[in-house]
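A.B. asks: Here is my input, please return the structure:
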Amino acid sequence: MLTLFMALAALGPWPANAAVPADTPPLRVRFAPEKDYGPFIYEDSEGAVRGLSMDMLVALAEPAGLQLEILPAQPLKDILAAAQRGEVDLISSLRPTPERAQWLGFTRSYATVPAVLVTLPMARQPGLPDFKGQRVAVGRGYAVEAFVREKYPEVQWVALADDAQSLQQLQLGLVSAVVADVASVYFAADRLGLGNLQVHANIGFEYPLSFAFLKSRPDIGERLENALRQLPETQRKAMRQRWLEGRQQGGEDARVRWLTRLGLSLAGLALLGLALAWWRSRGAASDEA
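C.D. replies: The predicted structure is shown next:
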């Protein structure tokens with residue numbers, strides 16, 4: 001098993017604005033990254049862990065006095081199971097839920113994104129009640145899964161490993177729609193080369209993403225919380241711009257783009273009709289002459 005150690009203790013004295021005193025020994029923390037939850041946390045084609053949450057954690061690790069051991073990337077359901085067995089200390093990109101709060105603690109949120117409904121292109125703007133009895137994909141173990149199952153039990157929910165797999169199933173016609181957070185939808189669609197998706201309105205659920213740590217390790221949470229509080233806003237903004245720029249358009253933007261394309265098409269047809277009418281009238285006038 002490949003692991004990556006950030007030997008922060010060897011970097012010398014902590015900076016003056018560090019979250020922990022200079023004489024505090026670093027904490028060794030087993031961090032479990034999610035395999036495919038871009039742009040927040042994912043494994044790229046070369047096996048490196050990347051994303052907004054990874055950049056955030058690297059920025060926080062030194063001032064928080066954390067020595068990170070990065071575990072192999074896995075799907076979220078496997079990470080949560082490993083954490084319950086005590087094999088993982090830290091998870092990123094998680095929305096706090098009552099169920100998870102039974103055994104996990106959470107830092108303050110460092111990013112918030114809405115969950116949306118995604119379909120193949122259609123003329124109308126559907127909502128989840130329109131998919132009664134139909135197969136709709138959602139991430140297995142994702143916080144939104146419990147929400148939609150409880151609020152829309154009439155939908156036939158299909159739990160899949162990640163958002164990329166859900167969008168592929170939609171492309172193949174194996175599901176009628178997908179529920180996922182909007183940033184992940186745009187990120188996965190870009191990576192998969194899917195250009196014919198339609199993003200609809202927010203379904204009434206948002207992801208305030210936090211770092212999660214075992215309740216038996218409150219020291220990790222305290223250090224991360226202090227480091228998050230001291231992280232400069234300019235640095236937060238730069239990370240958000242790098243990973244979320246252009247990936248948070250909501251359903252209203254998607255509708256506007258679709259209606260604009262439709263309006264331009266109709267305008268083009270109208271102009272063509274006027275041109276044909278003019279040409280025919282000219283032809284009729286020539287015959288009379």
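
A.B. asks: okay, CA-based contacts and neighbour counts for the rest of this
C.D. replies: Fine.

A.B. asks: Now do the phi/psi pair for the residue positioned nearest the centre of the chain.
C.D. replies: Nearest to the geometric centre of the chain sits residue 184, at 3.4 Å (Cα atoms, centre = their mean). Main-chain torsions, residue 184, degrees, to the nearest 10: phi -70, psi -40.

A.B. asks: what's the answer for residue 200, then?
C.D. replies: phi -100, psi -170.

A.B. asks: returning to what we had before: once you drop chain neighbours, what's closest to the residue nearest to the centre of the chain?
C.D. replies: Using Cα to Cα, 6 or more residues apart in numbering and skipping residues adjacent in sequence, the residue nearest residue 184 is residue 38, 5.7 Å away.

A.B. asks: Can you verify my assumption that that neighbour contacts residue 51?
C.D. replies: Yes. Between residue 38 and residue 51 there is a contact under Cα atoms under 8 Å: 6.3 Å.

A.B. asks: Show me which of those two is the more surrounded one.
C.D. replies: residue 38 (26 against 19; other Cα atoms under 10 Å).

A.B. asks: how about that one, what does it touch?
C.D. replies: For residue 38, the contacting residues are 51, 183-184, 187-188, by Cα atoms under 8 Å, 6 or more residues apart in numbering.

A.B. asks: how close does the residue nearest to the centre of the chain get to residue 157?
C.D. replies: Counting by Cα to Cα, to the nearest Å, the gap from residue 184 to residue 157 is 19 Å.

A.B. asks: for residue 53, same thing?
C.D. replies: Applying Cα to Cα to residue 53 and residue 157 gives a distance of 28 Å.

A.B. asks: between the two, which one's more packed in?
C.D. replies: When residue 53 and residue 157 are compared for neighbours, residue 53 comes out ahead with 27 against 22, by other Cα under 10 Å.

A.B. asks: What about the closest residue to that one other than its chain neighbours, how many residues nearby?
C.D. replies: Nearest non-adjacent residue to residue 53, counting by Cα to Cα, 6+ apart: residue 40, 5.2 Å away. Neighbourhood size, residue 40 [other Cα under 10 Å]: 25.
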